[in-house]
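Q: Okay, here's the prediction I keep looking at, along with the sequence it came from:
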2 protein chains.
Amino acid sequence: MAYPRSPSSEPVKPQRMRGNRPAYTTETLLDVAVTVFTTRGYEGTSMEDLAAAAGLSKSSIYHHVQGKQQLLGLALDRALDGLFAVLTQPGATSGPAVDRLTHVIRGTVRVLLDELPYVTLLLRVRGNSPIELAALARRREFDQLVAHLVLRAQRDGEVDVGLDAAVATRLIFGMINSLTEWYRPGRADRLDLPETVVQLVLTGLAPRPGTG
Amino acid sequence: MAYPRSPSSEPVKPQRMRGNRPAYTTETLLDVAVTVFTTRGYEGTSMEDLAAAAGLSKSSIYHHVQGKQQLLGLALDRALDGLFAVLTQPGATSGPAVDRLTHVIRGTVRVLLDELPYVTLLLRVRGNSPIELAALARRREFDQLVAHLVLRAQRDGEVDVGLDAAVATRLIFGMINSLTEWYRPGRADRLDLPETVVQLVLTGLAPRPGTG
DNA sequence: GTCTATAAATTGATAGAC
DNA sequence: GTCTATCAATTTATAGAC
């Protein structure tokens, strides 16, 4: 490599634009967009809203991404990748079904909290475009894999047989997903939310003998 | 009242319009609108969409309501009225706190199922207009009254003291509200959903001795 | 009660200068 | 990488005929 190093091998040094702000990348712009999308809703957000939130003009946004839909697609993929990663972790693929289920519940809560705005956006998608429909299809796939795990745990006698497994799965993950409605980083961080959810799912509210 | 009866005292006889369809009232139009709103999202629904769904022209809709926002406001009020009614029923105002809580859980699930599209719409509101902000304020009031009930049950030793009451309340009602994401009338109607939810909340998934 | 026609504003997106 | 200027399409809403 005696030749001058090609520009692409240089370390990334962010250029400073007006106001001494680092120039946007697709990634940093996505961060801004997802925040606005989750605040005002995707359809309720105009490119003008995005531009104002980013401190850019509308046309500058089109330098980084093809359009509003692409921003949505990137955000939904990120959320889904995080969720599917939980299902391939060792704790989710071996051992008693109820332990795998517990692992998936904990992992799903963690991903939801770590990627809060992205998962929030995913959970609100209605299927109004091909991009949204594709995300809904991936999400259904995730749901089905989890439902299968609950069914296994039930057949193995590890969880209550009095409940319909499919309904219980939906209710449990509905509970988990509802975290996006109120959790904000910084608040209630002393609470171990993944553990709280696992406890509530496994034993419910009823006082257990010896703890009251 | 010897004078001819005024038109307003006549029994309501719906006029038949084109295609032998009864003329719309604000109420029947609201029904159509709420269905479209929950399918495509409120912001994702144009007056043109509503007109197409109703089989009317856009301008005819303005004969019945002032505009899109008013349709939203009427729908949100209906959902909130139903939820608040649960809190004033006898079972919710006397007796041990845990029984009152159980009553409210059952009642909330019932209202949610009975007024499904209206409550669904309420749960998706983001606060993008004064009408939405007012609905969110009423909803917060409902949530606080319920949270108070859980706290009472906890203090009375009727539910597990290992859980944060406020967090548990949010998770439980998050689970209930998640019914709007998948419940459709006709399907799973043999399942007693209010009871299933109460059981899951009180005892969780864990198999109880004697039932396995 | 419903229609056609149209106004006024906003929307997602592009062209081209710096 | 960002800007101003602009376009074509869509959106909410109104006017006025039947």
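A: Great, that's in hand.
Q: got the buried residues for stretch A:171-186?
A: Buried residues in stretch A:171-186, counted by 16 or more other Cβ atoms under 10 Å in any protein chain shown: A:171-180, A:183. Using the backbone N, CA and C atoms, a C-beta is placed for each residue, glycine as well.
Q: I misspoke; the intended subject was stretch A:155-173.
A: Using 16+ other Cβ under 10 Å as the burial criterion, the residues of stretch A:155-173 that qualify are A:158-160, A:163-173.
Q: go on, stretch A:91-106?
A: By neighbour count, with 16+ other Cβ under 10 Å as the criterion, the buried positions of stretch A:91-106 are A:92, A:97-98, A:100-106.
Q: How about A:W182: what's its closest non-neighbour residue?
A: Excluding the flanking residues, the one nearest A:W182 by Cβ to Cβ, 6 or more residues apart in numbering or on different chains is B:R170, at 5.4 Å.
Q: Next up, identify which helix or strand that neighbour is on.
A: Under the criterion of DSSP states H and E, B:R170 resides in helix B:165-177.
Q: any idea how far the helix or strand following that helix is from the chain center?
A: Along the chain past helix B:165-177, the next helix or strand (assigned with DSSP H and E) turns out to be helix B:193-203. Taking Cα atoms, centre = their mean, to the nearest Å, the mean C-alpha location of helix B:193-203 is offset from the chain mean by 19 Å.
Q: Would you mind pulling the contact partners of helix B:193-203?
A: For helix B:193-203, the external contacting residues (Cβ atoms under 8 Å, 6 or more residues apart in numbering or on different chains) are A:160, A:162-164, A:167-168, A:171-172, A:203-206, B:102, B:105-106, B:109-110, B:113, B:172, B:175-176, B:179, B:183.
Q: which SSE is the most centrally placed residue in chain A in?
A: By Cα atoms, centre = their mean, the mean C-alpha position of chain A lies nearest to A:V119, the distance being 2.7 Å. Assigning secondary structure by DSSP H and E places A:V119 in helix A:116-124.
Q: How far off centre is that helix?
A: Taking Cα atoms, centre = their mean, one finds the center of helix A:116-124 at 6 Å from the center of the full chain.
Q: hmm, that helix touching chain B?
A: Yes - using Cβ under 8 Å from any Cβ of the partner chain, a contact is recorded between helix A:116-124 and chain B, made by A:R124.
Q: Repeat that for stretch A:32-49.
A: Yes - in terms of Cβ under 8 Å from any Cβ, part of stretch A:32-49 sits within range of chain B, namely A:39-41, A:43-44.
Q: Can you point out the buried residues in that stretch?
A: Residues A:32-34, A:36-45, A:47, A:49 are the ones in stretch A:32-49 that count as buried (16+ other Cβ under 10 Å).
Q: Verify the stated contact: A:F142 with A:L87.
A: Yes - taking Cβ atoms under 8 Å as the contact criterion, A:F142 and A:L87 are neighbours in contact, 7.2 Å apart.
Q: domains of chain A?
A: Under the assignment named as automatic domain parsing, the residue ranges that make up the domains of chain A are A:21-65, A:69-203.
Q: Mind putting those into JSON lines with mean pLDDT?
A: Formatted as JSON lines, the entries for the domains of chain A read as follows, by pLDDT from 0 to 100:
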{"stretch": "domain A:21-65", "mean pLDDT": "96"}
{"stretch": "domain A:69-203", "mean pLDDT": "96"}
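Q: now for those domains, which one comes closest to DNA strand C?
A: Comparing the domains of chain A against DNA strand C with Cβ to the nearest atom of the strand, the closest turns out to be domain A:21-65 (3.2 Å).
Q: Report how many residues lie close to the residue lying closest to A:A23 once chain neighbours are set aside.
A: The spatial neighbour of A:A23 that comes closest, neighbours along the chain excluded (Cβ to Cβ, 6+ apart), is A:Q15 at 4.5 Å. Here the neighbour count serves as a burial measure; for A:Q15 (other Cβ atoms under 10 Å in any protein chain shown) it reads 7.
Q: quick one: A:Q15 and A:P22 touch, right?
A: Yes - shown here, A:Q15 and A:P22 form a contact pair, counting by Cβ under 8 Å, at 7.1 Å.
Q: that's a helix at A:L56, yeah?
A: No - read with DSSP: H, G, I helix; E, B strand; the rest coil, A:L56 is coil and lies in no helix.
Q: ok, the closest residue to it other than its chain neighbours - how many residues close by?
A: In space, not counting the residues next to it along the chain, A:L56 is nearest to A:Y24; the distance is 7.0 Å by Cβ to Cβ, 6+ apart. A:Y24: 21 surrounding residues under other Cβ under 10 Å.
Q: Surely A:Y24 is in a helix?
A: No - assigned with three-state DSSP, A:Y24 falls outside any helix and is coil.
Q: What residues does it make contact with?
A: Applying Cβ under 8 Å, 6+ apart to A:Y24 gives the contacts A:54, A:56, A:60, A:64.
Q: Pull up the gap between it and DNA strand D, please.
A: Taken as Cβ to the nearest atom of the strand, to the nearest Å, the spacing of A:Y24 relative to DNA strand D amounts to 4 Å.
Q: Distance of that residue relative to A:M17?
A: Using Cβ to Cβ, to the nearest Å, one obtains 8 Å as the distance from A:Y24 to A:M17.
Q: Report all helices and strands that the lengthiest helix in chain A contacts.
A: Counting residues, the longest helix found in chain A (DSSP state H) is helix A:130-155. In this structure, helix A:130-155 makes packing contacts with helix A:68-88, helix A:97-114, helix A:165-177, judged by 3 or more Cβ pairs under 8 Å, 6 or more residues apart in numbering or on different chains; DSSP states H and E.
Q: Pipe the ones you listed into a markdown table and attach distance to B:G127 per row.
A: A markdown table is the format used below for these (distance: least, Cβ to Cβ, whole Å):
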| stretch | distance to B:G127 |
| --- | --- |
| helix A:68-88 | 21 |
| helix A:97-114 | 22 |
| helix A:165-177 | 20 |
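Q: Of all those, which one comes closest to A:A147?
A: Among these, the nearest to A:A147 by Cβ to Cβ is helix A:165-177 (4.4 Å).
Q: next one: the closest one to chain centre, how far?
A: Worked out by Cα atoms, centre = their mean, helix A:165-177 lies 16 Å from the chain centre.
Q: and what of stretch A:23-38?
A: Going by Cα atoms, centre = their mean, where stretch A:23-38 is centred and where its chain is centred differ by 15 Å.
Q: Spell out whether it and DNA strand C are in contact.
A: No - contact of stretch A:23-38 with DNA strand C is not found when judged by Cβ under 7 Å from any atom of the strand; the minimum separation is 10.7 Å.
Q: Max pairwise distance over the buried residues of stretch A:32-49: which two?
A: Across these, the longest distance by Cβ to Cβ is 17.7 Å; it joins A:V32 and A:E43.
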